[in-house]
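**Q** One predicted model, sequence on top.
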Amino acid sequence: MLHITMSSQENEQIDAIGSSCFQKDASNRSLNHYKKALSTRRSEKTPYSSIDIKLYTCIGTLYNNKGGEKGYRLAIENYTRALSLHQEIFGVEDPAQAAASCNNIGTVYYQQRDFQPALTWYQKALHMLLYDGLIENSEDQSLKEVVADKDSRKIDGQVNQQNRKAEMTVKTCSNLGSAYHNIGAKDKSIECYKLGLSFLRSRRDEENMTKEEKEKNFSCIASIYTNIASVYSLEGSHSKSLKYHERAMRMREKAFGDGAEVASSLQSIGNEYFQAKQFDEARSAYLRALEIRKRVLAEKHPAIAATDSSLGCVNYQLGNYIEAIRNYREAIEIEETRVLRNASLTNTYTNLGEALKKAGEYDEALEAYEKAFKIQKEYLGTDHHPSLYSILMNMGKLKRKRGNHGEALQHFTKCRLFFEEEEDSNSLNTNTTQSSASIAKLYTHVASSHEMIGDYGEAAKYYTKVLSIQETELGHIHEDTANTYHRIGQTYESNGNEDDFDRALNYYKLCFASRKEQFGIFDRRTMNAGAQIARMWAEQCKRP
């Protein structure tokens, strides 16, 4: 009997769709074939059997592959019909097959990111497997109660005698773990994954396993370890995450030797070290992953580019800018061969620009930023998108550094217009403090560029906008606020007319008061602010 579980791209947390005939490019001809077969059986009044269950399951899978609201609705209808028929024909026998239908229904909801009904169906599947198919009120049964009672019912022994049932139990636990992970129930997610592990471990009779069975078993254990690691990683528990990634790597070594699967674990280990800011350890893991991938994969494989890019990031953090540049360029050489350019190539070009800037190669850095902007614009089909903002900012800052203040201002102005339009439409997804801080930095760049080209009135205007944000978010007694008082004072002083002289003096006084409160009267920063005021008074005394 065919058992089908659905697929998801979220780090091996949902199992792959059955056989190769159910790929997403399956034609309508396949769907029509199954519908016709089902219609023929009904017209001939053939007694319902496992064949009908299979047909409904296949039709459900093909509709699910089509996607969309209609596709998902019809997928659920057909999977539900398959489940109903199974219960009518087999009752409580073969709970693995009934659980497969529940998993299929749950995963249709999962793919729509409707996690609560997905959880209900996964729980129903687990209840069937642990309680021999008795599903009354299972939707009200919490996972905790199911797990707590499994030992008293001596379910482990029954599952160990039925490999297919055990495999479906492991898959169901993985699906539950993924769904719980997505709703933020991390403890329950880990509980599910560990329950799946308990079934795998209980049936590990390696001496009597074939090579294929061993590979499958070790690979499944590795996948669950990886899933647990991902939960701990999102919690920021890097040491725990690393422990499970390393366990996953050992399982993959047992199953496949020193191959691409091990390189995948090494890449994950490197990523975890990188997030923990342990850059030397991250670099070692990435280097091992790169060595394996270059040995076992095709020359231009995207996985090699991914590791090269990761190495570039860690070398950048270590200050090895020349090595980082080489890593990024090697990654770009591979990524450029892909038919479709995407955000990955944009990020690599942006990172290359950052490394070139650190290495003092400003012209090449600007060229890298411009390529990143062009690719991202082509990929998005617009030059007005949040992901383009950071590239424009980088280009603006670099042009300002090169003394091209007018061109820098053009880039900063584009960013400003974008931010202000986003604010007007209330579409910023960041919290107020973060978005305000970002806008304050942007306005500072705009003001500075206006100042450098001698447009002091506009400079003062945007420094004042920065000040308004800082006084609200940081208060008057803060170093950043004091610095902005000083900048506004300088800008008004540079403008040179009588009214601006008084404004400048007032802002210098505000700067002095803020620094005095923060650092004391004898701090160098406070004394410098006082010196500015004394100089202004001296200038005032010279006036007729």
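**A** Arrived safely, thanks for sending.
**Q** ok, and the closest residue to K465 other than its chain neighbours, which helix or strand is that part of?
**A** In this structure, K465 finds its nearest non-sequential neighbour in Y443, 4.8 Å apart by Cβ to Cβ, 6 or more residues apart in numbering. The C-beta positions use only the backbone N, C-alpha and C, and glycine is treated the same way. Here Y443, judged by DSSP states H and E, is contained in helix 432-452.
**Q** elements contacting that helix?
**A** helix 386-401, helix 405-424, helix 456-473, helix 479-495 (3 or more Cβ pairs under 8 Å, 6 or more residues apart in numbering; DSSP states H and E).
**Q** who does the second one touch, helix- and strand-wise?
**A** Using 3+ Cβ pairs under 8 Å, 6+ apart as the contact criterion, the elements in contact with helix 405-424 are helix 386-401, helix 432-452.
**Q** Any chance of these in TSV with distance to G270, mean neighbour count and mean pLDDT as columns?
**A** Converted to TSV, the helices and strands packed on helix 405-424 look like this (distance: least, Cβ to Cβ, whole Å; neighbours: other Cβ atoms under 10 Å; pLDDT from 0 to 100):
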stretch	distance to G270	mean neighbour count	mean pLDDT
helix 386-401	24	20	87
helix 432-452	28	19	82
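**Q** And these: which comes nearest Q518?
**A** Q518 lies closest, by Cβ to Cβ, to one member of these: helix 432-452, at 18.6 Å.
**Q** Just the angle for that closest one relative to helix 386-401, thanks.
**A** 30 degrees (axes from the mean of the first three to the mean of the last three Cα atoms, to 10 degrees).
**Q** Quick one: residues in contact with helix 432-452.
**A** For helix 432-452, contacts defined as Cβ atoms under 8 Å, 6 or more residues apart in numbering pick out 393, 396-397, 400, 405-406, 408-409, 412-413, 415-416, 419, 423, 428, 430, 456, 458-463, 465-466, 469-470, 472-473, 484, 487, 491, 494.
**Q** Whichever of the residues you listed end up buried, select them in ChimeraX.
**A** Applying 16 or more other Cβ atoms under 10 Å to the contacts of helix 432-452 leaves a buried subset, and the ChimeraX line that selects it is:
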select :393,396,397,400,405,408,409,412,413,415,416,419,428,456,458,459,460,461,462,463,465,466,469,470,484,487,491
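**Q** could you dump stretch 531-544 to PDB, C-alpha only?
**A** Output in PDB follows, covering the C-alpha atoms of stretch 531-544 (Å, rounded to 0.1, in the frame of the first residue of the first chain):
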ATOM      1  CA  ALA A 531      35.200  76.200  24.700                       C
ATOM      2  CA  GLN A 532      32.800  76.500  21.800                       C
ATOM      3  CA  ILE A 533      30.500  78.700  23.800                       C
ATOM      4  CA  ALA A 534      33.400  80.900  25.000                       C
ATOM      5  CA  ARG A 535      34.600  81.300  21.400                       C
ATOM      6  CA  MET A 536      31.100  82.300  20.300                       C
ATOM      7  CA  TRP A 537      30.900  84.900  23.200                       C
ATOM      8  CA  ALA A 538      34.200  86.300  22.100                       C
ATOM      9  CA  GLU A 539      32.900  86.500  18.500                       C
ATOM     10  CA  GLN A 540      29.800  88.300  19.800                       C
ATOM     11  CA  CYS A 541      32.000  90.800  21.700                       C
ATOM     12  CA  LYS A 542      33.800  91.800  18.500                       C
ATOM     13  CA  ARG A 543      30.600  92.800  16.900                       C
ATOM     14  CA  PRO A 544      29.800  96.500  16.700                       C
END
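**Q** Just the buried residues of it, please?
**A** 532, 536.
**Q** Then stretch 316-332?
**A** 316, 320-321, 323-332.
**Q** Strands of the chain, residue ranges please.
**A** With strands called from DSSP state E, the chain shows none.
**Q** Enumerate every residue touching the nearest residue in space to S387 that is not next to it in sequence.
**A** Take S387 and drop its neighbours on the chain: the residue closest to it by Cβ to Cβ, 6+ apart is Q376, 6.0 Å away. Shown in contact with Q376 (Cβ under 8 Å, 6+ apart): 343, 346, 385, 387-388, 391.
**Q** can I assume A482 is in contact with E517?
**A** No. Under the criterion of Cβ atoms under 8 Å, A482 is not in contact with E517, lying 9.1 Å apart.
**Q** between the two, who's got more neighbours?
**A** Taking other Cβ atoms under 10 Å, A482 and E517 do not tie; A482 has more neighbours (26 against 13).
**Q** Any figure for the gap between that one and R42?
**A** 81 Å (Cβ to Cβ, to the nearest Å).
**Q** same thing with Y286?
**A** From Y286 to R42 the distance is 58 Å (Cβ to Cβ).
**Q** okay, the two: which has more neighbours?
**A** More crowded of Y286 and R42, by other Cβ under 10 Å: Y286, with 29 against 11.
**Q** Measure how buried the closest residue to that one other than its chain neighbours is and give me the count.
**A** Leaving aside its sequence neighbours, Y286 sits nearest to G270 (Cβ to Cβ, 6+ apart; 4.2 Å). When counting by other Cβ under 10 Å, one arrives at 28 neighbours for G270.
**Q** again, but for E421
**A** 11.
**Q** any low-confidence regions in the protein?
**A** Counting by pLDDT under 70, the chain shows low-confidence ranges at 1-27, 132-162, 202-208, 339-341, 383-384, 422-435, 542-544.
**Q** For the closest residue to D308 other than its chain neighbours, which residues are in contact?
**A** Leaving aside its chain neighbours, D308 sits nearest to A331 (3.9 Å; criterion: Cβ to Cβ, 6+ apart). By Cβ under 8 Å, 6+ apart, A331 lies in contact with 305-306, 308-309, 312, 348.
**Q** try it again with 6 Å
**A** Neighbour list for A331: 305, 308-309, 348 [criterion: Cβ atoms under 6 Å, 6 or more residues apart in numbering].
**Q** Please report the distance of A306 from F274.
**A** Applying Cβ to Cβ to A306 and F274 gives a distance of 13 Å.
**Q** What of C192?
**A** In terms of Cβ to Cβ, C192 sits 28 Å off from F274.
**Q** for G406, same thing?
**A** Applying Cβ to Cβ to G406 and F274 gives a distance of 38 Å.
**Q** A513 now?
**A** 44 Å.
**Q** Look at the two and report which has more neighbours.
**A** Ranked by neighbour count (other Cβ under 10 Å), A513 and F274 place F274 first, with 20 against 16.
**Q** Just confirm the more buried one contacts A282, I think it does.
**A** Yes. Between F274 and A282 there is a contact at 4.2 Å, judged by Cβ atoms under 6 Å.
**Q** list residues touching both of those two?
**A** Common contacts of F274 and A282, defined by Cβ under 6 Å, 6+ apart, comprise V314.
**Q** Leaving out chain neighbours, which residue sits closest to Y273?
**A** That would be A282: by Cβ to Cβ, 6+ apart, it lies 3.7 Å from Y273.
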